[in-house]
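*Asks:* Quick one: sequence and predicted model below, then my questions.
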Amino acid sequence: MDRAYRYTIRIVAALVAVLMLLPIGYMLVMSLTPEGFKTYSGGSFHLSLSNYKKVLDSAPIFGWMGNSLIVATCTTLLILLLSSMAAFAFSRVRFPGSKALFLIFLSGMMIPGEATLIPLYLMMRDMHMLGSLQSLILPALAGPMGIFILKQFFDGLPKELEEAARMDGAGFFRIWRTIFLPLSRPALGALAIFSFIGSWNDFLWPLISISDKAFMTITLGLPTFSSSYANSYALPMTANALATIPVLLVFLIFQKQIIKGIAFTGGKEM
Amino acid sequence: MRRTVDTRGWAAGILMVLPYTICFVLFSLIPILYGFRVSFYDWSLLGDKVFVGLGNYVQLFSDEEFRSNLLNTIVFTVISVPVIVVLGLLLAVLVNSIRKGQAVFRASVFLPYILSISVISSIWVIFLQPYSGLLNNLLKGIGIISKDIFWFANPQLAWLAIIMATAWWTVGFVFILYLAGLQDIPAAYYEAGQIEGASRWQSFWHITLPSLSKVTVLVIVLQTIASFKIFGQSKLITGGGPAGATKTVVFSIYENGFSTFQMGYASAISFVLMAVILVVSILQNVVLRRLDR
């Protein structure tokens, strides 16, 4: 009975895994077959990279990925810097108004980005930043998630850590940089993963801000490219594959850290 | 004891929160206040700004399109949240009971979550095509259907397509949170259950589920908020169609703001969206506080 149960579990799990991976496998196979894989034709079936060449010749896929990389990297690094400094101050430094300020920031978690689209658009237009990569980075820095997560982590670190350093006359900035940052690598890593994925996948704000093809991120560039191929699916699918393969590789290498990071940050939103 | 005011600490503290505070004020606080002001105006992009008081909010009640989009969003939320949460829980329980190769199953369930909305939408649009799409051909091959399903021609099927794609895309997130929750349940609970002769079903119902109640509240809230903000799927998978049947609240903001450039009206819709999300967040806090007691 127990053995049968275990086998059933394994078979169901294998089925689930196949179903989850099916659309991704479909994408890869389709991108590798010249006319797009047609299940009904049953004709000859051979693999080629010709679709990849066609897509790369007709769309700046790597340029778009480069833009995404710039935006996501800058956003992530700045979030780590700003949040870790502020979280350290909230956790370890006494200054007037710190509690009230923290609560105000915390309430910012309830503000959805979708609600500030219109004013952000008007402001960016007045500042002549609409359409630039900066316009994609700056609004993301106002998210308070990072402060919240890092403050919780810092609060858990023992006070003795910085007391010795304070005796030696180290200032708060040095304690933050030389003691707290190195010790909070897991939390910083989790926050970095969360921020990077969020920024890389952002769609609505880039759709509104960016209109010049040269400044598009990959998330915005793909639909723009695909919409010009109404009835041919091989090339759009190949563009999808091109955008996915680097993400796939990063995921396979850092799978454990990514999953842990998402569980850590996601679970902290309680 | 003499008390000294540590002004050096003050300065350091204030300097350290200053950079974030500037970003918060510029890109969160000012936009919210500005947007609130705009929502009381008939605010066109080219300069005409007429104060209309609550006019935009009143207009929402009689706007057929907005009402339909709001209803669509609510129906989507009410259906997709339980589906995704239950699916995530079942998958977590399933994967948690596997010893060998757990990492592989975990990765394959989680993988779609890290793909972008553009990629997943495009994959699903092609996957669901009549005649050439894989799903139709698979279903015909097994003999479940005899004629191709036109997923995007019928409102219910179009929503079903969006729900399937969304579930496939985001179930990994719920799954990962549940899996972490499952691994936090002490094995002693189950051993005690076994001694008392509890069946698998009983121990799931009386040990597993109650131990996961906090995770459940969290994922329901996060999924509800995310579902209410749905836009990318309906823009990219169905284009809002057929005949506007899959348009959502954020779609209303997008179209009123950036197709017809009625900034005031779009702002009013934004505040309705924010009010809903605020209520959900407050409910979450109330429920979690009850659970803590």
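*Replies:* Looks like it arrived, so ask away. The model shown is predicted, which means the values in this text are computed figures rather than measured ones. Numbers count the residues shown, from 1 in each chain, chains lettered A, B, ... in the order given.
*Asks:* confidence score at the closest residue to B:Ile230 other than its chain neighbours?
*Replies:* Setting aside the residues directly before and after it, B:Ile230 is nearest to B:Thr248 in space (C-beta to C-beta, 6 or more residues apart in numbering or on different chains), at 5.2 Å. Yep, even glycine has a C-beta here, placed from its N, CA and C like the rest. pLDDT, B:Thr248: 95.
*Asks:* what's the answer for the one 3 residues further on, then?
*Replies:* B:Phe251 is assigned 94 on the pLDDT scale.
*Asks:* Can you tell me which residue is spatially central in chain A?
*Replies:* With distances taken as C-alpha atoms, centre = their mean, chain A has A:Ile197 as the residue nearest its mean C-alpha position (0.9 Å).
*Asks:* show me the residues around that one that make contact.
*Replies:* A:Ile262, B:Ile114 (C-beta atoms under 8 Å, 6 or more residues apart in numbering or on different chains).
*Asks:* Does it lie in a helix or a strand, and which?
*Replies:* Element membership of A:Ile197, judged by DSSP states H and E, is helix A:185-201.
*Asks:* Could you give me the buried positions within that helix?
*Replies:* In terms of neighbour count (16 or more other C-beta atoms under 10 Å in any protein chain shown), helix A:185-201 has its buried residues at A:187-201.
*Asks:* Closest to chain B out of those residues?
*Replies:* For these, the closest approach to chain B (C-beta to the nearest C-beta) belongs to A:Asn201, at 4.3 Å.
*Asks:* which non-adjacent residue is nearest that closest one?
*Replies:* B:Ser116 (4.3 Å).
*Asks:* these two touch, right, that neighbour and A:Leu220?
*Replies:* No - using C-beta atoms under 8 Å, B:Ser116 makes no contact with A:Leu220, being 9.7 Å away.
*Asks:* which residues are in contact with both of these two?
*Replies:* Common contacts of B:Ser116 and A:Leu220 (C-beta under 8 Å, 6+ apart): A:Phe203.
*Asks:* Name the single longest helix found in the chain.
*Replies:* Using chain A. Across chain A, the helix with the greatest residue count (assigned by DSSP state H) is helix A:234-267.
*Asks:* Oops, wrong one, chain B.
*Replies:* In chain B, taking DSSP H as the definition, the longest helix is helix B:64-96.
*Asks:* What residues of stretch B:257-272 count as buried?
*Replies:* For stretch B:257-272, burial by neighbour count (16+ other C-beta under 10 Å) applies to B:257-258, B:262-272.
*Asks:* oh, I was asking about stretch A:69-89
*Replies:* In stretch A:69-89, counting by 16+ other C-beta under 10 Å, buried: A:69, A:71-72, A:74-76, A:78-80, A:82-89.
*Asks:* Among those, which are located in helices?
*Replies:* Under the assignment DSSP H, the buried residues of stretch A:69-89 contribute A:69, A:71-72, A:74-76, A:78-80, A:82-89 to helices.
*Asks:* give me every residue that touches A:Leu133.
*Replies:* Listed by C-beta under 8 Å, 6+ apart, the contact partners of A:Leu133 are A:Asn67, A:Ile70, A:Val71, A:Phe215.
*Asks:* Next one: the nearest residue to the second one once chain neighbours are set aside relative to chain B, how far apart?
*Replies:* In space, and not counting its chain neighbours, A:Ile70 is closest to A:Leu133: 6.0 Å by C-beta to C-beta, 6+ apart. According to C-beta to the nearest C-beta, to the nearest Å, A:Leu133 stands 15 Å off from chain B.
*Asks:* Next: A:Arg6.
*Replies:* Where chain B is concerned, A:Arg6 sits at a distance of 8 Å (C-beta to the nearest C-beta).
*Asks:* Give me the neighbour count for that residue.
*Replies:* 13 (other C-beta atoms under 10 Å in any protein chain shown).
*Asks:* Is the longest helix of chain A positioned near chain B?
*Replies:* Yes - interface with chain B: helix A:234-267 contributes A:236-237, A:239-240, A:243-244, A:247-248, A:251-252, A:255-256, A:258-259, A:262-263, A:266-267 (C-beta under 8 Å from any C-beta of the partner chain).
*Asks:* what pLDDT does B:Val219 get?
*Replies:* Listed pLDDT for B:Val219 reads 91.
*Asks:* repeat for A:Ser68
*Replies:* With respect to pLDDT, A:Ser68 has a value of 95.
*Asks:* got it, and B:Tyr41?
*Replies:* With respect to pLDDT, B:Tyr41 scores 92.
*Asks:* which secondary structure element contains the residue in chain B that chain A sits nearest to?
*Replies:* Residue nearest to chain A within chain B (C-beta to the nearest C-beta): B:Gly13, separated by 3.2 Å. Following DSSP H and E, the helix or strand that holds B:Gly13 is helix B:7-24.
*Asks:* Can you get me a residue count around the nearest residue to B:Ser270 once chain neighbours are set aside?
*Replies:* Spatially, and ignoring its direct neighbours in sequence, B:Ser270 is nearest to A:Ala115 (4.3 Å; C-beta to C-beta, 6+ apart). By other C-beta under 10 Å, 27 other residues sit near A:Ala115.
*Asks:* repeat for A:Val12
*Replies:* 14.
*Asks:* Noted, bye for now.
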